[in-house]
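In: need a structure here:
(2 chains)
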Amino acid sequence: MGIAERAIKPSIIGAAVWYAALTVIAWCALFPILWAISGSLKSEGEVTLPILFPAHPRWSNYREVFELMPFWRMFFNSVFYAGCICVGQVFFCSLAGYAFARLRFRGRDTLFVLYLGTLMVPLTVTVIPQFILMRIAGLTDTPWAMIVPGLFGSAFGTYLMRQFFRTIPAELEEAAILDGCSPWQIYWRVLLPHAMPAVMVLAVLTWVNVWNDFLWPLLMIQRNSIATLTLGLVRMQGEYVARWPVLMAASILILLPLLVVYVIAQRAFIRGIAVTGLGG
Amino acid sequence: MASVTFEQATRTYSGAERPAVDHLDLSIADGEFVVLVGPSGCGKTTSLRMIAGLETVDSGSIRIGDRDVTDDDPKDRDVAMVFQNYALYPHMTVAQNMGFALKIAKLSKAEIRERLLDAARVLDLEPYLDRKPKELSGGQRQRVAMGRAIVRRPQVFLMDEPLSNLDAKLRVQTRNQIAGLQRRLGTTTVYVTHDQVEAMTMGDRVAVLRDGVLQQCAPPRELYRDPTNVFVAEFIGSPAMNLFALPVVGNTARLGDWPIPVPREIADSANELVVGVRPEHLEIGAAGVEMQIDVVEELGADAYLYGRIALPDNVFSHTIVVRADGRDPPTRGGRVRLRPQSEHLHFFGIDGRRLA
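Out: Okay, the predicted model is just below:
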């Protein structure tokens, strides 16, 4: 065996092992979704059988979702809540991130560490006090209960935006100062447009978070007219406990908008992950 | 347009042992092009940023025209700055970058357009107005940064090493463009560089700084002819001036075996002094101090010989650089005799200050 062959051979084997491992991991991630898609097309008799491709796909399961729950109403609610919170998160987190990254004031870094420390507190710890606060404010079972708590930013979002603002050269800001910008104009006209990759990451992560959130809507929302899709899914399960194919069809329908959002924002999202240093 | 005046202006960064700019007194006349030059950390950029208002002035004051701007916000000083990395807004087109300050100042669209096109014409940027900075070459970006300053029609231009990111050829070309443009516009300009060739070729006057202290501010020729101290003498001129610390005996200082006559008033006051002679003021000939040539740097028209002064018994003393005719320079390893031109000798005290 020549030197060249010996050099190439291990790299081919290495690549093969690597790809095999990646294929297994990808399959593990994708299989549950495939199984759900498959389940959503099965009859109730078939749903527990180990078949991936049902003999007669039942597209009617999807139609039934719309009959059994006010899908479009809940879809609108979920979009509305996620949209409002996204706007709020981007606005407040970028403002706070700008302050922590760029403004100089006493105790800035200590304050930031303390704020970041709130990431350590699990949601379950704060959920009861938040519930009580909402009840005192008289906001339970109103759309405000869904929007207000997430509206004013988060430690994670602030951290994300701060990291990005720190990478922007100071000269850019100084150029804006000399061009006559006020601090607000610097933020709004120069730094925020420049921070679009980070904004996209924050928006997508926030959207996914709100879209998938279940515990908070469950505690806050009673009326179906203001419920989210996740809540609708569970309520469907309560009443029609045996209808797995329909539930799976509903799950897939709820998943689809997320996929659409991700596909649209994918490039900006990956770029943002890279520039904010969040990646592995 | 206006003059710029530093009056005892001092800036000390927190935690620093000495001021970055130390009691700077400097008057820049209306329409003048002054270059601040010095090695890294000499305070030249800090001085520039003090004019812009990007650095606070800890003591002393800064005036633009008749106005004391020491405590004014940068935006109220009517100055425009060109940054070393250009600091172009990446999300804006060339036109938007150039017009941004005017937009913030709420000028009419027609006025903005007119000024923008004027500046674009002057800088040959018309074809690029709709491009983003990342689609431009280094030279074009530099011109956009200049354009952004010009459209403002400010009282003062501040330039912080604007050519340092360009390649050598483009740097020479742009250097001439900037100098020409400044003369045409007549706007007071303060220009920072660490490159003494840039300083000498561009400025009406050149201010040499070291460790935050102004060493000398004079027209380039004066700086070259009459450096006020050893630091300026060595910093200005390329290759640097030869400096020899020599004892004075009678009215003579001996460089190797060659006597250098020292003016009486200097010889009377010092036992030891530093004699300076530029490489171009040493004549190669039959008489003079002997030099052992270690390196020959051929530049075409000229050649520079780098070597050591040879004493009897093959002992070597000071290193020395001399300019030779580029057509037929001596070879490496050879020896030549050098005679310093007495009318071009510089004498400094041991403390570095110019004597007489």
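
In: give me the nearest residue to B:Ser3, chain neighbours excluded.
Out: In space, B:Ser3 comes closest to B:Asp30 once its chain neighbours are excluded; the distance is 4.8 Å by CB to CB, 6 or more residues apart in numbering or on different chains. C-beta here means a position set from N, CA and C on the backbone, and glycine is covered the same way.

In: and that neighbour, what does it touch?
Out: Counting by CB atoms under 8 Å, 6 or more residues apart in numbering or on different chains, B:Asp30 touches B:1-3, B:65, B:188.

In: got a winner among those for most neighbours?
Out: Within the contacts of B:Asp30, B:Thr188 tops the neighbour count with 25 neighbours, counted by other CB atoms under 10 Å in any protein chain shown.

In: chain neighbours aside, what residue packs nearest to that one?
Out: Closest residue in space to B:Thr188, ignoring its immediate chain neighbours: B:Val156 at 4.8 Å, by CB to CB, 6+ apart.

In: next, count neighbours for the one you found.
Out: 24.

In: got a pLDDT number for the residue nearest to B:Ser3?
Out: B:Asp30 carries a pLDDT value of 95.

In: what sits opposite the residue nearest to B:Thr188 in the beta ladder?
Out: Beta-bridge partners of B:Val156, counted by DSSP bridges, are B:Val79, B:Thr188.

In: from what I see, it and B:Met81 are in contact.
Out: No - the pair B:Val156 and B:Met81 does not pass the contact test of CB atoms under 8 Å, sitting 9.2 Å apart.

In: which stretches of the stretch 101-250 of chain B form helices?
Out: Listed in chain order, the helices of the stretch 101-250 of chain B (DSSP state H, counting those that start in this stretch) span B:109-122, B:138-150, B:168-185, B:196-202, B:220-225, B:230-235.

In: make a markdown table out of those and add mean pLDDT, distance to B:Glu7 and mean neighbour count.
Out: Formatted as a markdown table, these follow (pLDDT from 0 to 100; distance: least, CB to CB, whole Å; neighbours: other CB atoms under 10 Å in any protein chain shown):
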| stretch | mean pLDDT | distance to B:Glu7 | mean neighbour count |
| --- | --- | --- | --- |
| helix B:109-122 | 93 | 33 | 16 |
| helix B:138-150 | 92 | 25 | 23 |
| helix B:168-185 | 89 | 25 | 15 |
| helix B:196-202 | 90 | 23 | 20 |
| helix B:220-225 | 94 | 23 | 17 |
| helix B:230-235 | 95 | 23 | 22 |
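
In: in the strand or helix carrying B:Pro259, what's buried?
Out: According to DSSP states H and E, B:Pro259 maps onto strand B:258-261. Residues B:258, B:260 are the ones in strand B:258-261 that count as buried (16 or more other CB atoms under 10 Å in any protein chain shown).

In: next: stretch A:75-87.
Out: Neighbour counts over stretch A:75-87 (16+ other CB under 10 Å) mark A:75, A:77-79, A:81-82, A:84-86 as buried.

In: now do stretch B:131-140
Out: The neighbour-count check on stretch B:131-140 (16+ other CB under 10 Å) flags B:132-133, B:136, B:139-140 as buried.

In: just how off-centre is it within its chain?
Out: Distance of stretch B:131-140 from the chain centroid (CA atoms, centre = their mean, to the nearest Å) equals 27 Å.

In: flag every residue of chain B that's near chain A.
Out: B:52, B:54, B:74-75, B:79-81, B:83-85, B:87-91, B:100-101, B:104-105, B:148, B:152 (CB under 8 Å from any CB of the partner chain).

In: interface residues of the stretch 101-250 of chain A facing chain B?
Out: So far as CB under 8 Å from any CB goes, the stretch 101-250 of chain A lies against chain B at A:169, A:171-172, A:174-181, A:185, A:189-190, A:193-194, A:196.

In: so among the residues you listed, which ones count as buried?
Out: A:171-172, A:174-181, A:185, A:189-190, A:194.

In: mind putting these in a markdown table, secondary structure and pLDDT included?
Out: Output for these, formatted as a markdown table (DSSP: H, G, I helix; E, B strand; the rest coil; pLDDT from 0 to 100):
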| residue | secondary structure | pLDDT |
| --- | --- | --- |
| A:Glu171 | helix | 91 |
| A:Leu172 | helix | 92 |
| A:Glu174 | helix | 93 |
| A:Ala175 | helix | 94 |
| A:Ala176 | helix | 94 |
| A:Ile177 | helix | 93 |
| A:Leu178 | helix | 93 |
| A:Asp179 | coil | 93 |
| A:Gly180 | coil | 92 |
| A:Cys181 | coil | 93 |
| A:Gln185 | helix | 92 |
| A:Arg189 | helix | 92 |
| A:Val190 | helix | 91 |
| A:His194 | helix | 87 |
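
In: could you identify the most distant pair in the buried residues of stretch B:131-140?
Out: Farthest pair in those (CB to CB) is B:Lys132 and B:Gly139. Separation: 16.2 Å.

In: which one of the buried residues of stretch A:75-87 is nearest A:Leu253?
Out: Using CB to CB, the buried residues of stretch A:75-87 come closest to A:Leu253 at A:Phe75, 8.5 Å.

In: surely the closest one and A:Leu229 touch.
Out: Yes - counting by CB under 8 Å, A:Phe75 does reach A:Leu229; the two are 6.1 Å apart.

In: now, which of the buried ones among the residues of the stretch 101-250 of chain A next to chain B sits nearest A:Leu160?
Out: Among these, and counting by CB to CB, the member closest to A:Leu160 is A:His194, at 14.8 Å.

In: so B:Asp124 versus B:Pro330, what's the distance?
Out: Here B:Asp124 is placed at a distance of 46 Å from B:Pro330 (CB to CB, to the nearest Å).

In: check B:Val274 too.
Out: 27 Å.

In: just to revisit the earlier point, which elements pack onto the strand holding B:Pro259?
Out: Applying 3 or more CB pairs under 8 Å, 6 or more residues apart in numbering or on different chains; DSSP states H and E, one finds that strand B:258-261 makes contact with strand B:252-255, strand B:335-340.

In: need the ones you listed in CSV with distance to A:Val204, can you?
Out: Listed next are the helices and strands packed on strand B:258-261 as CSV, based on distance: least, CB to CB, whole Å:
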stretch, distance to A:Val204
strand B:252-255, 75
strand B:335-340, 73
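
In: including mean pLDDT and mean neighbour count, could these go into JSON lines?
Out: Shown next, in JSON lines, are the helices and strands packed on strand B:258-261 (pLDDT from 0 to 100; neighbours: other CB atoms under 10 Å in any protein chain shown):
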{"stretch": "strand B:252-255", "mean pLDDT": "89", "mean neighbour count": "19"}
{"stretch": "strand B:335-340", "mean pLDDT": "93", "mean neighbour count": "19"}
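
In: B:Pro39 - that's part of a helix, no?
Out: No - applying DSSP: H, G, I helix; E, B strand; the rest coil, one finds B:Pro39 to be coil, outside a helix.

In: where does it fall, phi/psi-wise?
Out: phi -70, psi 170 (degrees, to the nearest 10).

In: now do the contacts for it.
Out: B:194, B:210, B:235.

In: ok, 7 Å please
Out: Contact analysis of B:Pro39 by CB atoms under 7 Å, 6 or more residues apart in numbering or on different chains lists B:His194.

In: repeat that for A:Pro57.
Out: With CB under 7 Å, 6+ apart, A:Pro57 has these contacts: A:Leu41.
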